[in-house]
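Peer 1: just coords:
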Ligand SMILES: NC(=O)C1=CN([C@@H]2O[C@H](COP(=O)(O)OP(=O)(O)OC[C@H]3O[C@@H](n4cnc5c(N)ncnc54)[C@H](OP(=O)(O)O)[C@@H]3O)[C@@H](O)[C@H]2O)C=CC1
Ligand SMILES: O=C(O)CCC(=O)C(=O)O
């Protein structure tokens, strides 16, 4: 009999009425595991447990929170190879990327362990004699976390860790496609010593479990990462809810990577290949628009094409694979749809874009590079979320900057240049939340703020000590002594 990974509610593993298989996108014959499909009732039980656990956890000794998060961090790091392999099997990232992401989750846990000790307030003089003012931060309450499939352990970690460190209790609903890594993380945190009900996981569909979370009056705040479409729904529900919920959204990107005539060509090609195609292009920070000035355009396209020819697309677990499969049939369909749209719009499919067959059945796609793209084309405006990049030829730096900023998104932006003047100007004038000079647009540090502008993000930043803006609420107390 197959073991079913159960939901974890109020300190117990709880059987759900249904379960579904977690399929390996590198080999669709392989079932990674059977995972519970939670119901609205499961979500309600989890919220009730988190609500009951909140008074004690929010007042708990920060040393306890530090100890739990550090213990969990140590276990994640000690098991990074195994957790990385699980991630790689359920999502399709290469094993090296999977292990890297598991390591990052461990580092995030230790960063927020220390944050539990660092939470501080302010004492301010009043304008009234004899009055003192204290400004403190308190936990928000029951926090609901809705996470996507593309970072199965890092995104749950960077939401869970600050939520717990600052004294909130949590219900997490991971993406139905990749529940395994989030389940393992929750299991580790609970065994590290969290009291019952502080951290609950309810796996299942967004339309069932996620929707119930949006509608539940006892969920005080929701942090979401995923598509713009679902993000809008989360925000609308949060505002309509009584009482209203705090909301934090991380959504799409159409991130520009500018290559100037004076760029070091090797650096430019490496940043573009990494930013656009690694992790199968399934990153909200992916460089999907490569904006290249006239003088270096042909040389850059030729060198990038050579680099792409050397990339091995294969089973994520195989040694030597650079790019794993697309996550599932539906995402592969979306990638292919946009490759068709690009052709129909008159762009040139310069290289790749073919479905590939490998030893086992999987969702393999040759990275696709379009040239002759203009910024009004749909492939330059809409998020594809796959290994598909568009090269846009521009006259000079000024035009490159204008094209880079001409987008409804604003998550990440990059530039390859040896000019201090242009690098500095780009950092100051890019309309993105994160700017990279001679570095890929994707792949960020874990201890500094993460987030964007315009249609990419809504609400306070994630990660680093800035995460406290979302996971705490400010109180101003006046005392006449
Ligand atoms: N910014 C980013 O990092 C990401 C962007 N995307 C973009 O989104 C596209 C579609 O991917 P997809 O996974 O469908 O993205 P979604 O936005 O639908 O999914 C993100 C999360 O939201 C959940 N969800 C879905 N519907 C609801 C709802 N009504 N109420 C509450 N939660 C809900 C999902 O559940 P379920 O498990 O059922 O899917 C998942 O956990 C991608 O092609 C890509 O363009 C996707 C992932 C990450
Ligand atoms: O690029 C990164 O390191 C993070 C990307 C990310 O968070 C995402 O794609 O959702």
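Peer 2: Alright, I've got the coordinates. Computed from a prediction, not measured in an experiment: that's the story for all the values here. Numbers count the residues shown, from 1 in each chain. Ligands and ions are numbered 1, 2, ... in the order given.

Peer 1: show me which residues of the stretch 251-400 of the chain are close to ligand 1?
Peer 2: Residues of the stretch 251-400 of the chain found near ligand 1 (Cβ under 6 Å from any ligand atom) are 251, 252, 284, 331, 334, 383, 385. All C-beta spots, glycine's among them, are computed from the backbone N, C-alpha and C.

Peer 1: within reach of ligand 2, which of those residues are there?
Peer 2: residue 284.

Peer 1: taking the residues of the stretch 251-400 of the chain next to ligand 1 one by one, which sit in helices?
Peer 2: Among these, the members falling in helices (DSSP state H) are 331, 334.

Peer 1: per-domain residue ranges of the protein.
Peer 2: 4-251+456-480, 256-437 (the TED database).

Peer 1: please identify which of those domains is closest to residue 445.
Peer 2: Nearest of those to residue 445, taken as Cβ to Cβ: domain 4-251+456-480 at 8.3 Å.

Peer 1: centre of the chain to that closest one, how far?
Peer 2: 13 Å (Cα atoms, centre = their mean, to the nearest Å).

Peer 1: got it, and stretch 310-323?
Peer 2: 23 Å.

Peer 1: just the endpoints, please. Distance across that stretch?
Peer 2: 11 Å (Cα to Cα, to the nearest Å).

Peer 1: which stretches of the stretch 101-250 of the chain form helices?
Peer 2: Residue ranges of the helices in the stretch 101-250 of the chain, as given by DSSP state H, counting those that start in this stretch, are 154-165, 179-191, 211-215, 228-240.

Peer 1: for the second one, give the mean pLDDT please.
Peer 2: I take that to be helix 179-191. Taken as a whole, helix 179-191 has a mean pLDDT of 98.

Peer 1: next one: the third one
Peer 2: Averaging pLDDT along helix 211-215 yields 98.

Peer 1: pull out the buried residues from that helix.
Peer 2: Residues of helix 211-215 classed as buried: 211, 212, 213, 214 (neighbour count, 16 or more other Cβ atoms under 10 Å).

Peer 1: helices or strands up against that helix?
Peer 2: helix 40-58, strand 142-146, helix 228-240 (3 or more Cβ pairs under 8 Å, 6 or more residues apart in numbering; DSSP states H and E).

Peer 1: out of the residues of the stretch 251-400 of the chain next to ligand 1, show me where the pLDDT dips lowest.
Peer 2: residue 252 (93).

Peer 1: where does it fall, phi/psi-wise?
Peer 2: phi -80, psi -180 (degrees, to the nearest 10).

Peer 1: the closest residue in space to it that isn't next to it in sequence: what's it in contact with?
Peer 2: Once flanking residues are discounted, residue 252 sits nearest to residue 383: 4.0 Å by Cβ to Cβ, 6 or more residues apart in numbering. Shown in contact with residue 383 (Cβ atoms under 8 Å, 6 or more residues apart in numbering): 228, 252, 253, 254, 284, 288, 409.

Peer 1: any of these buried? List them.
Peer 2: 228, 252, 253, 254, 284, 288, 409.

Peer 1: on that earlier part again, now the residue nearest to residue 252: phi and psi?
Peer 2: For residue 383, the backbone dihedrals (degrees, to the nearest 10) come out as phi -70, psi 130.

Peer 1: lowest-confidence one in the buried ones among the contacts of residue 383?
Peer 2: residue 252 (93).

Peer 1: could you measure from it over to residue 389?
Peer 2: 15 Å (Cβ to Cβ, to the nearest Å).

Peer 1: pull out the buried positions in the strand or helix carrying residue 83.
Peer 2: Residue 83 belongs to helix 80-91 when elements are defined using DSSP states H and E. Residues of helix 80-91 classed as buried by neighbour count (16+ other Cβ under 10 Å): 80, 83, 84, 85, 86, 87, 88, 89, 90, 91.

Peer 1: now stretch 12-25
Peer 2: Within stretch 12-25, judged by 16+ other Cβ under 10 Å, the buried ones are 14, 16, 19, 20, 22, 23, 24, 25.

Peer 1: return the residues of the protein in contact with ligand 2.
Peer 2: 150, 151, 225, 283, 284, 285, 442, 443, 444.

Peer 1: any idea of the pLDDT on the second one?
Peer 2: So the one you mean is residue 151. 98.

Peer 1: pretty sure it contacts residue 101?
Peer 2: Yes - Residue 151 is within contact range of residue 101, at 6.4 Å (criterion: Cβ atoms under 8 Å).

Peer 1: who touches both of those two?
Peer 2: With Cβ under 8 Å, 6+ apart, residue 151 and residue 101 have no common neighbours.

Peer 1: neighbours of residue 374, just the number please.
Peer 2: 14 (other Cβ atoms under 10 Å).

Peer 1: residues contacting it?
Peer 2: Counted by Cβ under 8 Å, 6+ apart, residue 374 has contacts 380, 392.
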